[in-house]
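K.L.:
quick one, fold the following:
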Amino acid sequence: MIEIDVERVKPVVSKTVTDTAEKMESIHSSFWDTRIDVCKALLTITSAVLVGTISFSGSLIGPGKEEMVCYQALISSWGFFVLSIIAAVLSLWCSYHLNSYKVLFFNSKGIIGERLRAIGPQENKKKLTGALDEAVLDLTSQTINSLKNYDKWSHYSTATQLVMFVLGVISFLVFGVVQIA
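P.N.:
Numbering: from 1, shown residues only. Prediction:
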């Protein structure tokens, strides 16, 4: 029976996991940063439009009108803007987790030792190498899968933010056209 020397193999496995993190950063970080920038810019615009329209809602009656016509469009635009803000916050939260993936890899070092110890003695070197490869693949996959979920949520949240903003603008334009006409 051949047993693994955990203390000798652990730094090599940690380096493999860290190299994977570095490769992920080189490939994905510019996309993640762009998504964050789009999110923040749209969040700023949405917040300003929401606050502005609420602040001046009393002035939105229009010339020669006694009351608001089609106020439902105004209320729905506010709802869409609020949903856009919520989607932006969710996207930024998921992006935060995406950008903290190095911490996830670093924190997995304790798990690496546990996973290597769980391999136990093997019949021959080939089986030991196979078990070690499986452990490395499993450790890397666990971290990548959590990042995959954050990436997916961040992507869909940003898309939702954009759609809700556009719907809010359209609703506000409908209100404005009806109110002025």
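K.L.:
quick one, what contacts V12?
P.N.:
By Cβ atoms under 8 Å, 6 or more residues apart in numbering, no residues touch V12. Placement of C-beta: from N, CA and C, glycine included.
K.L.:
what helix or strand is it on?
P.N.:
Assessed by DSSP states H and E, V12 sits inside helix 6-55.
K.L.:
what helices or strands is the next helix or strand after that helix leaning on?
P.N.:
Reading on from helix 6-55 to the C-terminus, the next helix or strand found by DSSP H and E is helix 71-99. Applying 3 or more Cβ pairs under 8 Å, 6 or more residues apart in numbering; DSSP states H and E, we find helix 71-99 packed against helix 6-55, helix 125-180.
K.L.:
quick check: mean pLDDT of the shortest one?
P.N.:
The average of the pLDDT scores along helix 6-55 is 87.
K.L.:
same question for the longest one.
P.N.:
The predicted model gives helix 125-180 an average pLDDT of 88.
K.L.:
hmm, L116 and K10 touching each other?
P.N.:
Yes. Between K10 and L116 there is a contact under Cβ atoms under 8 Å: 6.1 Å.
K.L.:
which of these two has more neighbours?
P.N.:
L116 (22 against 17; other Cβ atoms under 10 Å).
K.L.:
how many neighbours does S154 have?
P.N.:
With other Cβ under 10 Å as criterion, S154 counts 23.
K.L.:
ok, for it, nearest residue in space, not its chain neighbours?
P.N.:
Among residues not flanking S154 along the chain, C94 sits closest, at 3.7 Å (Cβ to Cβ, 6 or more residues apart in numbering).
K.L.:
how close does the one you found sit to W78?
P.N.:
Distance of C94 to W78, given as Cβ to Cβ, to the nearest Å: 25 Å.
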